[in-house]
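**Q** take a look and give me a structure for this.
(chains A and B)
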Amino acid sequence: NAGVTQTPKFRVLKTGQSMTLLCAQDMNHEYMYWYRQDPGMGLRLIHYSVGEGTTAKGEVPDGYNVSRLKKQNFLLGLESAAPSQTSVYFCASSLRGYEQYFGPGTRLTVT
Amino acid sequence: AQSVTQLGSHVSVSEGALVLLRCNYSSSVPPYLFWYVQYPNQGLQLLLKYTSAATLVKGINGFEAEFKKSETSFHLTKPSAHMSDAAEYFCAVSDLGFGNEKLTFGTGTRLTIIP
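**A** The predicted model follows:
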């Protein structure tokens, strides 16, 4: 079991560029989440999904889009990156929505 | 809306001393409560969880936490700190009763162990 994996691990973007972060889980979990972690702010929920084909907004959704076309994958997109989106991004999944399993993170820098 | 407050963004203890990390929650309904640990350059790992069974919850690596409804607290303790406990610790809360599949995290406490 690989658990939750994230691709890529590191990325540097220029302002205005776009990119997609991929999260994959092999635990057959229904729920998946995208968070961002910034110093002194803990983890903040960007978007989440309670099942294939469904997505919902979290606490800080602006500037991000997501898709859950397959149960095992949850994609996070940045259409036009801004320096304020420099952060570490974590994906998580859960079988029942409470105990979450986290990926190793993607460190994104926007210059 | 539910929330958690972690008192102390940085805590330092000597090796072998008691570890106490504080978490207070705010929730309109009985919550589920969690402690997660994050080692440098890694994702979060679940330490322990409270889901309305026993109020004293034991987790991995010798940690435990006690749910105190009267104090709205869920403090994390370990009797004797080890160098390997150096990490960042996050308290999180999830409400019951709303079909709520989301966790709300505290801002974290960085634990430093002094040799």
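**Q** how close does B:Gly108 sit to chain A?
**A** Distance, B:Gly108 to chain A, using C-beta to the nearest C-beta, to the nearest Å: 5 Å. C-beta here means a position set from N, CA and C on the backbone, and glycine is covered the same way.
**Q** show me what contacts that residue?
**A** A:40, A:42, B:6, B:9, B:38, B:88-90 (C-beta atoms under 8 Å, 6 or more residues apart in numbering or on different chains).
**Q** same question, B:Ser73
**A** Applying C-beta under 8 Å, 6+ apart, the residues near B:Ser73 are B:22-25, B:66-67.
**Q** A:Pro8 is in contact with A:Thr106, isn't it?
**A** Yes - between A:Pro8 and A:Thr106 there is a contact at 6.1 Å, judged by C-beta atoms under 8 Å.
**Q** so what does the strand or helix carrying A:Leu45 touch, helix or strand wise?
**A** Using DSSP states H and E, A:Leu45 falls within strand A:43-49. Helices and strands touching strand A:43-49, by 3 or more C-beta pairs under 8 Å, 6 or more residues apart in numbering or on different chains; DSSP states H and E, are strand A:31-37, strand A:56-57, strand A:64-67, strand A:73-78.
**Q** can the second one be said to contact chain B?
**A** No - among the residues of strand A:56-57, none lie within reach of chain B under C-beta under 8 Å from any C-beta of the partner chain; the closest is 8.9 Å away.
**Q** residue ranges with poor pLDDT in the chain?
**A** Went with chain A since none was named. A:97-98 (pLDDT under 70).
**Q** wait, chain B
**A** For chain B (pLDDT under 70), the answer is B:95-100.
**Q** OK, contacts around residue 91?
**A** Looking at chain A here, since you left the chain open. A:Cys91 sits next to A:4, A:6, A:21, A:23, A:25, A:32-35, A:74, A:76, A:102-103 when contact means C-beta under 8 Å, 6+ apart.
**Q** wait, chain B was what I had in mind.
**A** Contacts of B:Cys91 (C-beta under 8 Å, 6+ apart): B:4, B:6, B:21, B:23, B:25, B:33-35, B:74, B:76, B:105-106.
**Q** kindly report the same for A:Ile46.
**A** A:34-36, A:58-61, A:64, A:66, A:76, A:89.
**Q** how many other residues sit next to B:Met83?
**A** 9 (other C-beta atoms under 10 Å in any protein chain shown).
**Q** does it really touch B:Ile113, like I thought?
**A** Yes - taking C-beta under 8 Å as the contact criterion, B:Met83 and B:Ile113 are neighbours in contact, 5.1 Å apart.
**Q** which neighbours do those two share?
**A** By C-beta under 8 Å, 6+ apart, the residues touching both B:Met83 and B:Ile113 are B:Glu15.
**Q** restrict the contacts of A:Cys91 to contacts with chain B.
**A** A:4, A:33, A:102-103.
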